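Peer 1: Provided below are the primary sequence and the corresponding predicted coordinates.
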Amino acid sequence: MATLAQSIPSRQPLACFWDFLKQELTPYPGRAALVARMVIAVTLVMIVTMTFRLPFGAYAAAFALNISRDSPQITVKALRTIVVAWALGAAYILLGALLFLENPLLRFLWVIVTLFAMFYGISATTDSTAASRFGYFVIITVPLWDLHVAAEVKVEGTLWAVWTITIASVITALVELVFAELRHRDDFVQSLANRLASVEELLACYLADRPVDETTKTTVTHFAALGASRLRRILTSSSYARQYNEQMGAVVALVGRLVDIAANLTQLRIRSSDDDRQRLRVLAASIASIRTDLLSRRVPSRIDLQVDREAPGGIPLLREMERTASLIPEAFSGSKSISEYSPSPPGENRPVTFFVADAFSNPEHVRFALKGGLAASLCYIAYSSVFWPGINTAITTCFLTALSTIGSSHQKQLVRISGALVGGVVLGIGSQVFILPYLDSIAGFTLLFALATGAAAWFVTSSPRFSYFGGQFAVAFYLINLEEFRIQTSLVPARDRVVGILLGLFMMWLIFDQLWGAPAVVELKRTFISNLRLLAQFAKDPFSGEKRLEIERSYFLRETINTNFDKVLNLADGVLFEFSSSRQQDLALRGRIRRCQPRLRALFVTAIALLKYRLQLPGFELPETVRVAHQEFDNRLARMLDAMASRIDGEAPRAEDRFEDSFKRLEQTVRTELLTPELRTFLTLSRNIESVASSLEKEI
């Protein structure tokens, strides 16, 4: 009988940190090509800015490095957002200069109000990326208008900032489009192929009768938890014909379902018979054929996996995988049974709004703006008072490290200063002392620049927890070496940048930590509780009988839950950087939540697989008696998850029947029916839900 594997080994901190570094820096498919594209784009931007003496070259290179490269379409969209945001920022700066430049007091008040508005915009607008680009432009151009130079020079500098960033954006877009054309690969189809390849790897492990390796298990589970949100965004941004778009929408749903089922298999210990291995071999070959056809831009050939044959015993979920794989080619035949359940693209038929729903009712937005604005304003007052414009990076530091909790702020500040020290002091100053004095051509500097950018890009392509280090590494190096149109050998710029960063970090510590702190452990607890309640909502019956609406709702919930999983992980890292009197209790809570996370994610992945039974999708219909028992089981699971959340939140949960009893009633109901392979699989999934949920309840 398949059983759920739940062992969670304890690790020493140093061993965990070393494993973390290995995981972050280990190559993955496509990483080297992505880094190469980033290096080429940024190096071309550097050559253009140095050759034509374009100001703000350091910021242009930084933007070229950090622009989204999920697909050429998404890259172009991101670049358009950047250019528009910077153009609006330029208009705002020029309007502010026109109205307030002649009056120093009004000018000062305008800058302070602008800083507060920037932080509010990041928190309260629906497009935080555009708001952050707008704010960043204001930050880097405000010091220009504080210089004692002619107004014409200031206007030219502001317009040059927009023009330089536009040129960098165009160069980056062209590089992405050229590479997309050269490799003759559709990033959307490639993403589908990667998911299918992960399922093939899993089946290969079972065919070889060996345990599933951690890499394959992690990849499949990651794809299942990630869902199809990125694929749907790419599909929405594509220029495909409407019919093909609809067909591929159905394929995305089916491939996502196949990955969901495969992720559940990784939670089971499986022993395969000779018949099972033969079916696995045929299934793996069929998936490989579908993947090859998709990559070759051919319509996948119909496959016959004999999904209707009876097979007592065997591998749980195998028949569901066969059925799902056999439906993928049918998506191109316009089968209503498939296209009916393809969710509409995100954002379709939804009103476009500028502010988030609670922008004017949630005090957290105002609180965040006050904290960030106050820290940045103190930095502005400090460097303006001492007439030291070189340390204006203090405001940038506040802007880039402002988070809503102490721990995560500490974490980001530490990553920022370590990245700045490595990129600015070690590599920036080190190259000025030991390398640049011996270079006499642009070729030598280009080689040094490309190597530094390559190292930064490798860090940038890590997970969000570590990619920030690479960004700060690059920015510090660029600010030192691209501020002037010559090889930089003076140590003054590096000194000023480091002093500015330290000033910004001090102000952030003062405001976010000492005066207005919100411990990361509090947010960690709140997010974990929120995820429990969202999982309870996900486990309940859909709210309507419209399957499209139900699938849309499930997509929204699973994306939110998956985002919260990542947020819990980041906040747990942030707790390590807090040193209050309750540190030991905070670390104990952190440890308990981290122990619960794998089981909660396993419950989530299994609930995704059970969703198709609750929706009564074709091939997954349940007898009426089983459907009613399943509804009672799901409702009891939801109440138990809500009770866990209440218990963590300090509330006294209501007395409920034992969750195990609801599963026993479901099992008895299933066994009164003819035990078909579908019902046997359904029972196995339900048993896994009961096992994981019960262990979570005991832990909490």
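Peer 2: Received it, and whenever you're ready, just let me know what you need. Numbering: from 1, shown residues only.

Peer 1: Now do the strands in the chain.
Peer 2: Taking DSSP state E, the chain contains no strands at all.

Peer 1: By mean pLDDT, which helix or strand of it comes out lowest?
Peer 2: Sorting the helices and strands of the chain by mean pLDDT, DSSP states H and E puts helix 336-339 at the bottom, at a mean of 42.

Peer 1: okay, and for the stretch 51-200 of the chain, where does confidence drop off?
Peer 2: In the predicted model of the stretch 51-200 of the chain, residues 70, 183-186 satisfy pLDDT under 70.

Peer 1: where do the helices sit along the stretch 101-250 of the chain?
Peer 2: Taking DSSP state H, counting those that start in this stretch to define them, one finds helices in the stretch 101-250 of the chain at 104-124, 128-146, 151-182, 187-207, 214-226, 229-237, 242-265.

Peer 1: Same question for the stretch 251-400 of the chain.
Peer 2: Remark: helices of the stretch 251-400 of the chain, listed N- to C-terminal, are 274-295, 318-327, 336-339, 363-385, 393-401; assignment by DSSP H, counting those that start in this stretch.

Peer 1: Name the residues that touch the first one?
Peer 2: Contacting residues not belonging to helix 274-295 are listed as 185, 189-190, 192-193, 196-197, 199-200, 203-204, 206-207, 209, 251, 258, 272, 299-301, 303, 305, 311, 314-315, 318, 321-322, 325-326, 328-329 [CB atoms under 8 Å, 6 or more residues apart in numbering]. (Glycine included, C-beta is placed from N, CA and C.)

Peer 1: Quick one: buried ones out of these?
Peer 2: With neighbours counted by 16 or more other CB atoms under 10 Å, the contacts of helix 274-295 contain buried members at 189-190, 192-193, 196-197, 199-200, 203, 206-207, 251, 258, 272, 300, 303, 305, 311, 314-315, 318, 321-322, 325-326, 328-329.

Peer 1: circling back to that earlier point, okay, the helices of the stretch 101-250 of the chain in JSON lines with distance to Ser71 next?
Peer 2: Conversion of the helices of the stretch 101-250 of the chain to JSON lines gives the following (distance: least, CB to CB, whole Å):
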{"stretch": "helix 104-124", "distance to Ser71": "25"}
{"stretch": "helix 128-146", "distance to Ser71": "16"}
{"stretch": "helix 151-182", "distance to Ser71": "8"}
{"stretch": "helix 187-207", "distance to Ser71": "4"}
{"stretch": "helix 214-226", "distance to Ser71": "16"}
{"stretch": "helix 229-237", "distance to Ser71": "5"}
{"stretch": "helix 242-265", "distance to Ser71": "13"}
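
Peer 1: Can you tell me which of those helices is packed in deepest?
Peer 2: When you average the neighbours per residue for each of these (mean count of other CB atoms under 10 Å), helix 242-265 leads with a mean of 22.

Peer 1: Can you pull out the low-pLDDT segments for the stretch 401-550 of the chain?
Peer 2: The stretch 401-550 of the chain contains residues with pLDDT under 70 at 403-409, 464-465, 486-489, 517, 541-548.

Peer 1: what about 80?
Peer 2: Counting by pLDDT under 80, the ranges of the stretch 401-550 of the chain that qualify are 401-417, 440, 463-466, 483-491, 493-494, 497, 513-518, 540-550.

Peer 1: Helices of that one, start to end?
Peer 2: When assigned using DSSP H, counting those that start in this stretch, the helices of the stretch 401-550 of the chain occupy the ranges 406-420, 430-434, 442-460, 464-481, 492-508, 520-539, 547-575.

Peer 1: sorry, back to before: nearest to Glu484, out of the helices of the stretch 251-400 of the chain?
Peer 2: Evaluated over the helices of the stretch 251-400 of the chain, closeness to Glu484 peaks at helix 393-401, with 16.3 Å, by CB to CB.

Peer 1: Alpha carbons only: can I get that closest one in PDB?
Peer 2: This file holds the C-alpha atoms of helix 393-401, laid out as PDB (Å, rounded to 0.1, in the frame of the first residue of the first chain):
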ATOM      1  CA  THR A 393      22.800  56.600  -2.600                       C
ATOM      2  CA  ALA A 394      21.500  56.800   1.000                       C
ATOM      3  CA  ILE A 395      18.000  57.500  -0.400                       C
ATOM      4  CA  THR A 396      18.300  54.700  -2.900                       C
ATOM      5  CA  THR A 397      19.200  52.400   0.000                       C
ATOM      6  CA  CYS A 398      16.100  53.300   1.900                       C
ATOM      7  CA  PHE A 399      14.000  52.900  -1.200                       C
ATOM      8  CA  LEU A 400      15.400  49.500  -2.100                       C
ATOM      9  CA  THR A 401      15.500  48.000   1.400                       C
END
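
Peer 1: ok, and what's touching that helix?
Peer 2: Applying CB under 8 Å, 6+ apart, the contact partners of helix 393-401 are 115, 118-119, 132, 135-136, 139-140, 142, 372, 375-376, 379-380, 382-383, 409, 412-413, 416, 472, 479, 496-497, 500-501, 503-505, 507-508.

Peer 1: same question, stretch 364-382
Peer 2: Where contact means CB under 8 Å, 6+ apart, the residues beyond stretch 364-382 that reach it are 111-112, 115-120, 122-124, 142, 358-359, 394-395, 397-399, 402, 404, 503-504, 507-508, 510-512, 516.

Peer 1: picking up where we left off before, between the helices of the stretch 401-550 of the chain, which one is nearest to Ile40?
Peer 2: Comparing the helices of the stretch 401-550 of the chain by their distance to Ile40 (CB to CB), the top pick is helix 442-460, with 8.5 Å.

Peer 1: ok, so what distance separates Cys205 from Ser554?
Peer 2: When distance is defined by CB to CB, to the nearest Å, Cys205 is 29 Å away from Ser554.

Peer 1: Kindly report the same for Ile480.
Peer 2: In this view, Ile480 and Ser554 are 50 Å apart by CB to CB.

Peer 1: and what of Val521?
Peer 2: As defined by CB to CB, Val521 lies at a distance of 31 Å from Ser554.

Peer 1: more crowded one of the two?
Peer 2: For Val521 versus Ser554, neighbours defined as other CB atoms under 10 Å are more numerous around Val521 (25 against 20).

Peer 1: What residues does that one make contact with?
Peer 2: With contacts taken as CB under 8 Å, 6+ apart, Val521 has the following neighbours: Gly407, Leu571, Val575, Glu578, Asp586, Leu589, Arg590.

Peer 1: now do Thr563
Peer 2: Taking CB under 8 Å, 6+ apart as the criterion, Thr563 is in contact with no other residue.

Peer 1: residues near Tyr28, how many?
Peer 2: When neighbours are defined as other CB under 10 Å, Tyr28 has 12 of them.

Peer 1: any idea how far it is from Thr218?
Peer 2: When Tyr28 is compared with Thr218 (using CB to CB), they lie 11 Å apart.

Peer 1: so Pro640 sits right up against Phe659, yeah?
Peer 2: For the record, residue 640 is Met, not Pro. Yes - using CB atoms under 8 Å, Met640 is in contact with Phe659, at 5.0 Å.

Peer 1: between the two, who's got more neighbours?
Peer 2: Counted by other CB under 10 Å, Met640 and Phe659 do not tie: Met640 has more neighbours, with 23 against 20.

Peer 1: ok, that one to Lys698 distance?
Peer 2: Between Met640 and Lys698 the computed distance is 12 Å (CB to CB).
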